[in-house]
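Peer 1: generate a structure from the sequence data that follows.
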Amino acid sequence: MKRILIALAVLISVQIADAQVKSPADAKKAVESAAEATANPKKAVKPATWIKLGNAYMDAYNAPAGQGWVGATMQELQLITGTDKPSSTENVNLLGTQYTKQVYETRNYYFSPDGKLAFVEVTKPVYDDALAQALDAYKKAYEVDAKGQKTKDIVAGLQNINQAYQVDAYTQYQLGNYEAASQKFEAAADAAATEPNDKIDSLAIYNAGFTAELYGDYERVAKFLKKALDISYYTDGETYAKLANACLNLKDTLTAKTVYEEGFTKFPESQSILIGLINYYIQSGDNPEQLFVLLDKAKENEPDNASLYYVEGDIYNKLGDKEKAVEAYRKSTEINPEYEFGYIGIGILYYNEAIEIQDLAAREMDDAKYMALIEEFETALKNAIEPFESAFAVTKDKEIKVNIAEYLKNIYYRFRDENPQYMEAYNKYDTIVKNGVSAL
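Peer 2: As a prediction, this is how the structure comes out:
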């Protein structure tokens, strides 16, 4: 997700800030004039004629967006828009974020909580298919450019179309129109692949599949994520996980298993793949020992990779074998004493075990059994102290320290009256939790 938000936010900024915006009426006249020239047999054989038409359509695409640019403040836009004022303003919530929406005749501006323009929704385009028409014009320019004299200009046009489609896709995504977003990403990839640009836009291909998953079109997910894998666009294993999930939804369990296992071999640390693969084995009834076979192969290649033993611990934990899980987590810390996640794995295992016992105790009506469960609960909590303390000591990541402090604060609170050391520890971690990284 962040990949979409970051990459496309940059594209939007470039697209809108750099556009030389005409009025919609002037942009339409320019298209009509350029189109008329292409009907002239003498002019139609010149690539410049078609490039002019493509550029005119691009101006028509940009015109309804007005003069706003991503990152502009309301005050800045008030200075440059003159008499072009919004007809209304309202607050809207999109994907969990509050925006101020300004409604204009041809577009809506969405301002983020910091008061800056986040994105533009065009509501009254000059042409519904301006980008498609521009693409056709540049294709025709390339077709008649026998000497290749205008290749640079044509490539620039195709790249602008690619960016524009991604801007549209981002906008549709923000508005919750996932199907439209997926189609725009596909169009962006197609524009990039058009000669003479002839580029593979791996991000657009992946995002076409990513957004298709959001509205449940799993055939489309599979189509684009297979393409993403073919061009080695893995997104740290997420491509494998999402493709396998799509295959499961399409009832193609054999392919799903193959994709999961191939992904696990390449990205054994991917939680998405690991969880998906474990769920597959549990639901299918297949033998989960294959997970350990795959993991052992990874260990053979990287015997000193502590994270592989952490993954092994995670597998055992999710399969319910806590003893072997702790053993594997400890092995990861033996291989690398500075590997905080091994300690964290043990701490969370015992902490979650304590919570489970606490829930059982809350439902127990027999006093003797209740007290026995409380004793088990407190033992599990105390078992979590040492690994959490070790993790806190070795990690260099202050955010992780704060998260660990939350666990330790809760544990020490339970035992704070047992001895002064526990009270001191409680106060220490309570201060860190209250003040965050500034307390470190």
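Peer 1: hey, where'd the helices end up in the stretch 101-250 of the chain?
Peer 2: Taking DSSP state H, counting those that start in this stretch, the helices of the stretch 101-250 of the chain run over residues 130-144, 151-174, 178-193, 202-214, 218-230, 238-249.
Peer 1: dump those to TSV, plus mean pLDDT, distance to Leu117 and mean neighbour count.
Peer 2: Every residue, glycine included, has its C-beta placed from N, CA and C. What follows is the helices of the stretch 101-250 of the chain, written out as TSV (pLDDT from 0 to 100; distance: least, CB to CB, whole Å; neighbours: other CB atoms under 10 Å):
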stretch	mean pLDDT	distance to Leu117	mean neighbour count
helix 130-144	98	22	21
helix 151-174	96	12	22
helix 178-193	98	20	22
helix 202-214	97	22	24
helix 218-230	98	30	20
helix 238-249	97	30	24
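Peer 1: roughly how far does Leu408 sit from Asp417?
Peer 2: Using CB to CB, to the nearest Å, Leu408 is found at 16 Å from Asp417.
Peer 1: quick one: which of the two has more around it?
Peer 2: More neighbours sit around Leu408 than around the other of Leu408 and Asp417, counting by other CB atoms under 10 Å; the figures are 24 against 10.
Peer 1: element containing the residue lying closest to the more buried one once chain neighbours are set aside?
Peer 2: Counting by CB to CB, 6 or more residues apart in numbering, Tyr429 is the residue found nearest to Leu408 once chain neighbours are left out, at 4.5 Å. Using DSSP states H and E, the secondary-structure element containing Tyr429 is helix 420-435.
Peer 1: so how far is that helix off the chain centroid?
Peer 2: Taking CA atoms, centre = their mean, to the nearest Å, one finds helix 420-435 lying 36 Å from the centre of the chain it belongs to.
Peer 1: residue ranges with poor pLDDT in this structure?
Peer 2: Across the chain, the stretches falling below the confidence threshold (pLDDT under 70) are 1-20.
Peer 1: returning to that earlier point: dump the helices of the stretch 101-250 of the chain into CSV; add distance to Gly436 as well.
Peer 2: What follows is the helices of the stretch 101-250 of the chain, written out as CSV (distance: least, CB to CB, whole Å):
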stretch, distance to Gly436
helix 130-144, 46
helix 151-174, 29
helix 178-193, 35
helix 202-214, 32
helix 218-230, 37
helix 238-249, 29
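Peer 1: so Ile282 makes contact with Gly276?
Peer 2: No: under the criterion of CB atoms under 8 Å, Ile282 is not in contact with Gly276, lying 10.9 Å apart.
Peer 1: if we can go back for a sec, can you name every helix or strand that the helix holding Tyr429 contacts?
Peer 2: Helices and strands touching helix 420-435, by 3 or more CB pairs under 8 Å, 6 or more residues apart in numbering; DSSP states H and E, are helix 398-415.
Peer 1: and the helix it packs on, C-alpha only, in PDB?
Peer 2: Taking Å, rounded to 0.1, in the frame of the first residue of the first chain, the C-alpha atoms of helix 398-415 are listed here in PDB:
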ATOM      1  CA  LYS A 398      13.600   3.000  19.500                       C
ATOM      2  CA  GLU A 399      10.100   2.200  18.200                       C
ATOM      3  CA  ILE A 400      10.600  -1.500  19.000                       C
ATOM      4  CA  LYS A 401      11.800  -0.500  22.500                       C
ATOM      5  CA  VAL A 402       8.600   1.400  23.100                       C
ATOM      6  CA  ASN A 403       6.500  -1.600  22.000                       C
ATOM      7  CA  ILE A 404       8.500  -3.900  24.200                       C
ATOM      8  CA  ALA A 405       8.100  -1.500  27.100                       C
ATOM      9  CA  GLU A 406       4.300  -1.700  26.700                       C
ATOM     10  CA  TYR A 407       4.500  -5.500  27.400                       C
ATOM     11  CA  LEU A 408       6.900  -5.100  30.300                       C
ATOM     12  CA  LYS A 409       4.900  -2.300  31.900                       C
ATOM     13  CA  ASN A 410       1.800  -4.500  31.900                       C
ATOM     14  CA  ILE A 411       3.700  -7.500  33.300                       C
ATOM     15  CA  TYR A 412       5.400  -5.500  36.100                       C
ATOM     16  CA  TYR A 413       2.100  -3.800  37.000                       C
ATOM     17  CA  ARG A 414       0.800  -7.200  38.000                       C
ATOM     18  CA  PHE A 415       3.700  -7.900  40.300                       C
END
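Peer 1: how about it: buried residues?
Peer 2: Applying a neighbour-count criterion of 16 or more other CB atoms under 10 Å, the buried positions in helix 398-415 are Lys401, Val402, Ile404, Ala405, Tyr407, Leu408, Lys409, Asn410, Ile411, Tyr412, Phe415.
Peer 1: can you redo the residues you listed as CSV with distance to Ala244?
Peer 2: CSV is the format used below for the buried residues of helix 398-415 (distance: CB to CB, whole Å):
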residue, distance to Ala244
Lys401, 35
Val402, 34
Ile404, 32
Ala405, 36
Tyr407, 32
Leu408, 37
Lys409, 39
Asn410, 36
Ile411, 37
Tyr412, 42
Phe415, 44
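Peer 1: return the distance of the helix of greatest length in the chain from the chain's centre.
Peer 2: Within the chain, and with DSSP state H defining each element, the longest helix by residue count is helix 367-394. Taking the mean C-alpha point of helix 367-394 and that of its whole chain, the gap between them comes to 36 Å (CA atoms, centre = their mean).
Peer 1: helices and strands around that helix, which ones?
Peer 2: Taking 3+ CB pairs under 8 Å, 6+ apart as the contact definition, the neighbouring helices and strands of helix 367-394 are helix 340-363, helix 398-415.
Peer 1: report the angle between the axes of it and helix 340-363?
Peer 2: In terms of direction (axes from the mean of the first three to the mean of the last three CA atoms, to 10 degrees), helix 367-394 departs from helix 340-363 by 160 degrees.
Peer 1: what's the angle between helix 367-394 and helix 398-415?
Peer 2: What separates the directions of helix 367-394 and helix 398-415 is an angle of 150 degrees, with the same axes, to 10 degrees.
Peer 1: relative to helix 420-435, how tilted is helix 367-394?
Peer 2: With the same axes, to 10 degrees as the criterion, the two stretches helix 367-394 and helix 420-435 enclose an angle of 60 degrees.
Peer 1: residues of helix 367-394 that come out buried?
Peer 2: Going through helix 367-394 with 16+ other CB under 10 Å, the ones that come out buried are 373, 376-378, 380-381, 383-385, 387-392.
Peer 1: before we move on, the earlier item: how many neighbours does the residue nearest to Leu408 have?
Peer 2: Counted with other CB under 10 Å, the burial measure for Tyr429 works out to 25 neighbours.
Peer 1: again with Asp128
Peer 2: When counting by other CB under 10 Å, one arrives at 8 neighbours for Asp128.
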